[in-house]
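Visitor: My questions are about this predicted structure, shown below with the sequence.
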Amino acid sequence: MSCPRLRCPGLAIRVAPSGLKTWDFVCRVRGTSTVKRKALGAFPAVSLDEARRRGGAIGDAAQRGKDLIGEEAKAKEEAAARMMVSELIDEYLSGARRGFAPSVRWVKRALAPISNRPIDELRRRDIGRLLNATSDRGVEREAEDANLSALCFDGRSDRTF
């Protein structure tokens, strides 16, 4: 069931059979025939004022011909498609030959400062800083091992470091 709100055209509260209430916003972007729908959040976590504000921003942009809902979906899709360093580490460690692969715990600990970064944003200087920080802690051997691990990145992305 959906109950539209007249003070903010396109804003409605949907009530599921379970009783869950969510704010929805529906609009048509100027110049297109496609109807866009966006869930704004659950009630009461998202207040009526907040739902009006969010819906109003989307509606105003749609009247100007800008598709904020589509742009947000595209940005989420692109972000999901980007491989993170932590995913590359896991992929490398799962394919490494037994006995050759460095300790899983060591690799994850040594590369933790960069593990949440997308690979396409990682640069040679980032690896250098990581090695310098490791060396500064007085663990030259660990820095040398990290240098070997960093070489693994060379063939795993479109960019060579």
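Guide: Nice, thanks for sending it over.
Visitor: which intervals of this structure have sub-threshold pLDDT?
Guide: 1-7, 80, 96-102, 137-161 (pLDDT under 70).
Visitor: Strands of that one, start to end?
Guide: In the chain, strands defined by DSSP state E lie at 2-4, 11-15, 21-28, 35-42, listed in chain order.
Visitor: Dump those strands into a markdown table; add distance to residue 88 and mean neighbour count as well.
Guide: C-beta here means a position set from N, CA and C on the backbone, and glycine is covered the same way. Shown next, in a markdown table, are the strands of the chain (distance: least, C-beta to C-beta, whole Å; neighbours: other C-beta atoms under 10 Å):
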| stretch | distance to residue 88 | mean neighbour count |
| --- | --- | --- |
| strand 2-4 | 44 | 11 |
| strand 11-15 | 40 | 18 |
| strand 21-28 | 37 | 20 |
| strand 35-42 | 33 | 14 |
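Visitor: Out of the ones you listed, which is closest to residue 86?
Guide: Checking the strands of the chain against residue 86 by C-beta to C-beta gives strand 35-42 as the closest, at 28.9 Å.
Visitor: which residues touch the closest one?
Guide: By C-beta atoms under 8 Å, 6 or more residues apart in numbering, the surrounding residues in contact with strand 35-42 are 11, 20-29, 46, 50-51, 54-55, 58, 62, 67, 69-70.
Visitor: tell me the angle it makes with strand 11-15.
Guide: 60 degrees (axes from the mean of the first three to the mean of the last three C-alpha atoms, to 10 degrees).
Visitor: chain center to strand 35-42, what's the gap?
Guide: Taking C-alpha atoms, centre = their mean, to the nearest Å, one finds strand 35-42 lying 19 Å from the centre of the chain it belongs to.
Visitor: Can you list the strands that it pairs with?
Guide: Using DSSP bridges, the strands paired with strand 35-42 are strand 21-28 (antiparallel).
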